[in-house]
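Trainee: let me see the structure of the following:
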Amino acid sequence: MTDHSASAQALAALGHEARLHIFRFLVKAGKDGATVGQIGGHLGIPASTLAHHMRSLVGAGLLVQERQGREVVTRVDFDRMDGLIQFLTSECCTGVAEPRDVA
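Mentor: I've put the predicted structure just below:
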């Protein structure tokens, strides 16, 4: 993920406390992910509110959902997460040029 727009969208999605809790819970769940019911149960988020926040995270490409029978399993897109972290740190400690005079 090197696109500024996509990175901004992902960071904006994570910028809400409930969505950050959901994302961190799913990071802990690992590659197996969790069902919507498990997420809501662990975090105490009502189903309709949870659905709203999940749409935002899925829309930002941070989560993927897969129907398994009657359940929907949600997982972190770890490649996308790693790309976002790489985007944020790619120029770490490279220094900044002095500003040019624009007179």
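Trainee: how about the strands in the chain?
Mentor: Listed in chain order, the strands of the chain (DSSP state E) span 34-35, 63-68, 71-76.
Trainee: how about the contacts made by the residue nearest in space to the middle of the chain?
Mentor: In the chain, the residue lying closest to the centroid (CA atoms, centre = their mean) is Leu62, at 3.7 Å. Residues near Leu62 by CB atoms under 8 Å, 6 or more residues apart in numbering: Ala10, Ala13, Leu14, Phe23, Val76, Asp77, Arg80, Met81, Leu84. For glycine as for every other residue, the C-beta is placed from the backbone atoms N, C-alpha and C.
Trainee: in the chain, where is pLDDT below threshold?
Mentor: Counting by pLDDT under 70, the chain has low-confidence residues at 1-2, 102-103.
Trainee: where do the helices of the chain begin and end?
Mentor: Secondary structure of the chain, counting by DSSP state H: helices at 4-14, 17-29, 36-43, 47-59, 78-89.
Trainee: any chance of the ones you listed in CSV, plus distance to Glu71?
Mentor: As requested, these are arranged in CSV below (distance: least, CB to CB, whole Å):
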stretch, distance to Glu71
helix 4-14, 23
helix 17-29, 14
helix 36-43, 8
helix 47-59, 13
helix 78-89, 21
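Trainee: tell me which of those helices sits nearest to Arg100.
Mentor: Closest to Arg100 of these, according to CB to CB: helix 4-14, at 21.9 Å.
Trainee: list the buried ones in that closest one?
Mentor: Residues of helix 4-14 classed as buried by neighbour count (16 or more other CB atoms under 10 Å): Ala6, Ser7, Gln9, Ala10, Ala13, Leu14.
Trainee: which residues make contact with it from outside it?
Mentor: With CB under 8 Å, 6+ apart as the test, helix 4-14 has contacts from 1, 19-20, 23, 56-57, 59-62, 80, 84, 87-88.
Trainee: for Ile25, give me its contacts.
Mentor: Check again: residue 25 is Phe, not Ile. Ala34, Ile39, His42, Leu43 are the contacts of Phe25 under CB under 8 Å, 6+ apart.
Trainee: that'll do, ta.
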